[in-house]
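Novice: My questions concern the predicted model and sequence given below.
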Amino acid sequence: MTSPHPDATVTQLPEAVARAKAGAAPVSFARKGSLEVRLAGSAREIDAAQALRYRVFYEEMSAHPDAETRATKRDRDRFDEFCDHLLVFDHALANGAEGDDLPLGAVVGCYRLLRQDVAERHGGFYTASEYDIAPLLQRVGGDLRFLELGRSCVLPPYRNKPTVELLWHGIAQYVAMHNLDVMFGCASFEGTNPADLALPLSYLHHFHMTPPEWYVRALPDRYVEMNLIPKDEINPREAWRTLPPMIKGYIRAGCYIGDGAVVDQQFGTTDVLILFPVTQIAERYLTKFGSSKPA
């Protein structure tokens, strides 16, 4: 991978921005109508993603901001400095602006992407705060390259097929570009009472649990039992209707679910781990989003 440009004005930016400005990766992946999916290429664009995350997580949903988060109206943490940020950008809201002139509201969807080689240089994956992923990484050895997906959100008017398909397309192209093998991360249910989520959690446990070779378990001090209803008492069609759209999309693509949920009091959610071996993603997704890895 190309090293960041030595210019001081570049290296003072977050690592993800420095890589983009150094030409280490193409910024734009696809466009559909006025919507474009691309990697953030400036500190301003990352700030727009953080503002979007604040609107969704803290204003729309039930996350609890600390004083700094409330004052800045930004969802930020240390991982933002070195992750890549995948954005859906609505040109109809931008009035031709780009880069540092980008209106904050023109970013309407985002994902945060963290490759294993980058995580290892910066203290590990975010997911490791909820799930014991070290045994998995050791079990598969150094031949597979992992990508963590996180901080995904979309503004309500854009929670539709075109936006979701662009996000999937961007992730697929990013996976192919970096020759990645496994995607994982946390997906969330609103609410912090697992008993209220007994049906969907039990369904995921019984029907979509990771096989032994991909087994991942929540950390002991955060583990919440998902097996709340016996398998023979579950109506899969009824359970399916209770799943959030994002988790439905993951399941359709063929993902696995880790063992145990985790309650995240700060964000007001109950999290489950999702895991995708890239070679096992449903063929229709590979074809649709062009995610076949280069030979």
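Specialist: Structure's in. What do you need?

Novice: switch to C-alpha atoms for all contacts and neighbour counts from now on
Specialist: Fine.

Novice: what's the spacing between stretch 116-123 and its chain's center?
Specialist: Put simply, stretch 116-123 sits 17 Å off its chain's centre (Cα atoms, centre = their mean, to the nearest Å).

Novice: got it, and stretch 148-167?
Specialist: 10 Å.

Novice: Give me the distance between the two termini of it.
Specialist: 15 Å (Cα to Cα, to the nearest Å).

Novice: In the protein, where is pLDDT below threshold?
Specialist: Applying pLDDT under 70 to the chain flags the ranges 1-26, 98-100, 282-295.

Novice: can you pull out the strands in it?
Specialist: For the chain, applying DSSP state E gives strands covering 28-32, 35-39, 84-90, 107-115, 131-132, 146-154, 182-190, 217-218, 256-257, 262-264, 269-277.

Novice: Bridged to the closest residue to residue 210 other than its chain neighbours, which residues?
Specialist: If the residues on either side of it in the chain are set aside, residue 210 comes closest to residue 256, at 4.9 Å by Cα to Cα, 6 or more residues apart in numbering. With DSSP bridges as the criterion, residue 256 is bridged to residue 275.

Novice: I'd say residue 256 and residue 278 touch.
Specialist: No: assessed by Cα atoms under 8 Å, residue 256 is found out of contact with residue 278, at 11.5 Å.

Novice: which of those two has more neighbours?
Specialist: Shown here are residue 256 and residue 278; by other Cα atoms under 10 Å, residue 256 has more neighbours (24 against 21).

Novice: Please determine how far that one is located from residue 205.
Specialist: 10 Å.

Novice: Equivalent analysis for residue 113, please.
Specialist: Residue 113 is 26 Å from residue 205, by Cα to Cα.

Novice: For the stretch 1-150 of the chain, which segments count as helices?
Specialist: For the stretch 1-150 of the chain, applying DSSP state H, counting those that start in this stretch gives helices covering 8-11, 15-21, 43-54, 67-72, 116-121, 134-140.

Novice: Can you list the buried residues in the fourth one?
Specialist: In other words, helix 67-72. For helix 67-72, the neighbour count (16 or more other Cα atoms under 10 Å) marks no residue as buried.

Novice: Same question for stretch 241-258.
Specialist: For stretch 241-258, burial by neighbour count (16+ other Cα under 10 Å) applies to 243, 246-247, 250-251, 253-258.

Novice: Also stretch 141-161?
Specialist: Per 16+ other Cα under 10 Å, stretch 141-161 contains these buried residues: 145-155.

Novice: again, but for stretch 51-62
Specialist: 51-58, 62.

Novice: Could you point out the longest helix of the chain?
Specialist: helix 161-178 (DSSP state H).

Novice: Any idea how far it is from the middle of the chain?
Specialist: Chain-centre distance of helix 161-178: 11 Å, with Cα atoms, centre = their mean.

Novice: Next: stretch 38-47.
Specialist: 16 Å.

Novice: same question, stretch 188-201
Specialist: Using Cα atoms, centre = their mean, the offset of stretch 188-201 from its chain centre is 20 Å.

Novice: Spit out the contact partners of the closest residue to residue 116 other than its chain neighbours.
Specialist: Excluding the flanking residues, the one nearest residue 116 by Cα to Cα, 6+ apart is residue 146, at 5.2 Å. Residues near residue 146 by Cα atoms under 8 Å, 6 or more residues apart in numbering: 115-116, 180-184.

Novice: Residue 189 bridge partners, please.
Specialist: Beta-bridge partners, per DSSP bridges, of residue 189: residue 270.

Novice: from now on call the first residue 21
Specialist: All right, first residue 21 from here; so that's residue 209.
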